[in-house]
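next one to model:
(one chain, ligands or ions: 1)
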Amino acid sequence: MTENSDGAFIEFKNVSKNYKNIRALENISFMVEKGDIFGYIGPNGSGKTTTIKIIVGLIQDFEGEVLIRSKRVRKIRKDIHKILGYLPQEAGFQRWRTVSGILNTFGMLSGLPRNTLKKRIQDILELVGLEDVKNKKITHLSGGMVQKLRLAQALLHKPELLILDEPLSGLDPTSRYQVKKIIKELADEGKTIFLSSHILSDVQNIATRIGILNHGKIMKVGRPKDLQRDFKVGNDLEIIFSEGSKQCNDLDKVPGVESIEIINTNKLIAHLSPNSNIDECINTILAKILEQKCYIRNFNLLEPSLEEVYLKYVGGNIK
Ligand code: ADP
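Below you'll find the model as predicted:
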């Protein structure tokens, strides 16, 4: 790992974890910087929850070292809840209780002063958009509302670090959008967020950095744009011809062109060899097109999608 550990909020150093004969994590190293929305993605069973339980101190029998703000997580386990808000994958509320009643109980359990708790609950309900249902019982809430309440609970004591285990799982598209928006707003306020999912689109557009996990191993960590760029540097050139332009021949003979894929009568993709001089190759292609008096409407060096990057690293292992 070439990353500099200065400014790391969470740091995993060569961490492995076995459950009897199951190797859940295999020598993983990565860091989460202060202010990151770190999207931790991988298929079901790849080790995301195990990683999270190590961060929040629920699993201690692991190999390697985990530091939170440069302190060993094993040592600060008792105090960690002060800086950390945790949304576990599954945690139900008693269905007969009300939204504000639940937050009140959790607030008191976290030791929040009684005189400020009421105001804090009001603020947090506004933040997650639950103020209209504060007196409703859990049994009358939608899945999206319950998830927002769980988020509110994790946020009640104003933690700097939020650890969210599959926070969008099971939500309808509107609730997904709303919860993602809240997560983004929390990051804008300066919170550091670690968010896991087995679905790339859950973290896409909000993650500042992404870690891809597969079979207990970290396959790749980086900013979304860097992951795309490292994966394949635009080796596919899309060429769109004007309506009625005549057919262009011999593009496959241009040095550096591996093959030509005809998409339809107006569109083709030239697959360029990664070892070729891409600029020179593109110029020769254009010269050949002009020479044959074909008309181009558009041409574009295609970037791989993040989806392609994810699929490359997890292969067919997506559940
Ligand atoms: P994810 O969160 O990505 O779905 P987990 O961390 O839950 O992955 O699981 C990683 C691997 O460890 C899986 O093979 C899972 O079956 C196994 N595992 C998780 N928890 C336990 C446990 N308490 N006992 C035995 N095996 C477990």
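
care to break this structure down by domain?
As assigned by automatic domain parsing, the chain contains the domains 8-221, 236-303.

right, so those domains: which one is the most enclosed?
domain 8-221 (a mean of 18; mean count of other C-beta atoms under 10 Å). No exception for glycine: its C-beta is placed from N, CA and C like everyone else's.

any chance of CSV for the domains of the chain, columns mean pLDDT and distance to residue 314?
CSV is the format used below for the domains of the chain (pLDDT from 0 to 100; distance: least, C-beta to C-beta, whole Å):
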stretch, mean pLDDT, distance to residue 314
domain 8-221, 91, 5
domain 236-303, 89, 20
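
which elements pack onto the helix or strand harbouring residue 23?
Using DSSP states H and E, residue 23 sits within strand 22-33. Judged by 3 or more C-beta pairs under 8 Å, 6 or more residues apart in numbering; DSSP states H and E, the packing partners of strand 22-33 are strand 8-19, helix 48-55, strand 192-197, strand 209-214, strand 217-222.

dump the fourth one to PDB, restricted to CA.
This points to strand 209-214. Output of strand 209-214 as PDB, limited to C-alpha atoms (Å, rounded to 0.1, in the frame of the first residue of the first chain):
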ATOM      1  CA  ARG A 209     -12.800   6.800  -1.700                       C
ATOM      2  CA  ILE A 210     -13.700   3.200  -2.300                       C
ATOM      3  CA  GLY A 211     -12.300   0.000  -1.000                       C
ATOM      4  CA  ILE A 212     -13.100  -3.200  -2.900                       C
ATOM      5  CA  LEU A 213     -13.200  -6.400  -0.900                       C
ATOM      6  CA  ASN A 214     -13.400  -9.900  -2.300                       C
END
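
circling back: distance to the ligand for the helices and strands packed on strand 22-33 - can I get that in a markdown table?
Listed next are the helices and strands packed on strand 22-33 as a markdown table, based on distance: least, C-beta to the nearest ligand atom, whole Å:
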| stretch | distance to the ligand |
| --- | --- |
| strand 8-19 | 3 |
| helix 48-55 | 3 |
| strand 192-197 | 7 |
| strand 209-214 | 7 |
| strand 217-222 | 12 |
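
all strands of the chain, in order?
Secondary structure of the chain, counting by DSSP state E: strands at 8-19, 22-33, 37-41, 63-68, 71-72, 84-87, 161-164, 192-197, 209-214, 217-222, 236-241, 257-264, 267-272, 296-302.
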